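Asker: take a look and give me a structure for this.
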Amino acid sequence: MKTFKIVLTILVFNSSFLIAQDLKPEYQKFISKFIQEVKAGDKEAIAKRIKFPFKREYPIPSVKDKADFIKRYNQIFDMVLIEKISKSDPAKDWSEVGWRGIMLNRGDMWIDIDGRIISINHQSDEELKMKNSLIAAQKKEVNTSLSNFKEPVAILETSKFRIRIDDLGNNNYRYASCSIKKKMTDAPDLVIENGVFFADGTGGNHHYEFKKGNFKYECHFIVLGEKNSAPAALLVYQSGKEILSQDAKIVSR
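Answerer: Next up is the predicted model:
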């Protein structure tokens, strides 16, 4: 009976400790197949590994379907990513991280244990150019008082409010809200800066917290929730007491 030496690496991800473990032989097989597909530039085979819509970094639009993926393939799988994958060794460069799946290197991309691509965190120069162009366009679409953001985070809508969260840089997030009846170009009713990001456990749920006087505003994003739970929520507290709780939809992210 052979004894396999397991190498454990502690990684920090969203303020949580994860354990990366050497890839099991059965997983190495489909990773090897995926590597060959990338080397061959087999877009059709790679497309079959993706569940659509496939998210890209906001405000870059998600990949809608197979046709959209093949059209944008070179934009996502640029030569840098292709080289990383092509030169990777399933036994050394890919590792299993519990329920999160299988990652390349330190998280350049993630694949689940069924061989489906979960996410690609690598960003090509072309995507970066697109992202910067879209951010510049967004700055023209909001009220001038809000156009000084570094990157947009999300736009939420509850039954009464429209909420915009922006990253101003240096871990400084801004909350801007107005009536759902107002336009994005109208002046906001409430603006709070110096917001803070919080990771809620290891399932991907997270929220942003904003304080003004004795009021606290929390925008929650639910990645793992109950079957029919809303994708987001707004909670408002006054002196530590909850005074408002509304489900929200994510208009853009």
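
Asker: can you give me the helices in the stretch 51-200 of the chain?
Answerer: All helices of the stretch 51-200 of the chain, identified by DSSP state H, counting those that start in this stretch, fall at 66-76, 79-86, 125-141.

Asker: quick one: buried residues of the second one?
Answerer: To tie it back to what came earlier, the one meant is helix 79-86. Residues of helix 79-86 classed as buried: 81, 84-85 (neighbour count, 16 or more other CB atoms under 10 Å). All C-beta spots, glycine's among them, are computed from the backbone N, C-alpha and C.

Asker: ok, K51 - contacts?
Answerer: Residues near K51 by CB atoms under 8 Å, 6 or more residues apart in numbering: R116.

Asker: F54 too?
Answerer: Taking CB under 8 Å, 6+ apart as the test, what F54 contacts is 62-63, 69, 117.

Asker: pLDDT and distance to N171 added to the buried residues of helix 79-86, as TSV?
Answerer: As requested, the buried residues of helix 79-86 are exported to TSV (pLDDT from 0 to 100; distance: CB to CB, whole Å):
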residue	pLDDT	distance to N171
L81	98	28
K84	97	28
I85	98	32
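
Asker: of those, just say which sits nearest to F197.
Answerer: F197 lies nearest to L81 out of the buried residues of helix 79-86, by CB to CB, at 26.8 Å.

Asker: before we move on, back to that, could you dump the helices of the stretch 51-200 of the chain into TSV and include distance to C219?
Answerer: Formatted as TSV, these follow (distance: least, CB to CB, whole Å):
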stretch	distance to C219
helix 66-76	29
helix 79-86	32
helix 125-141	18
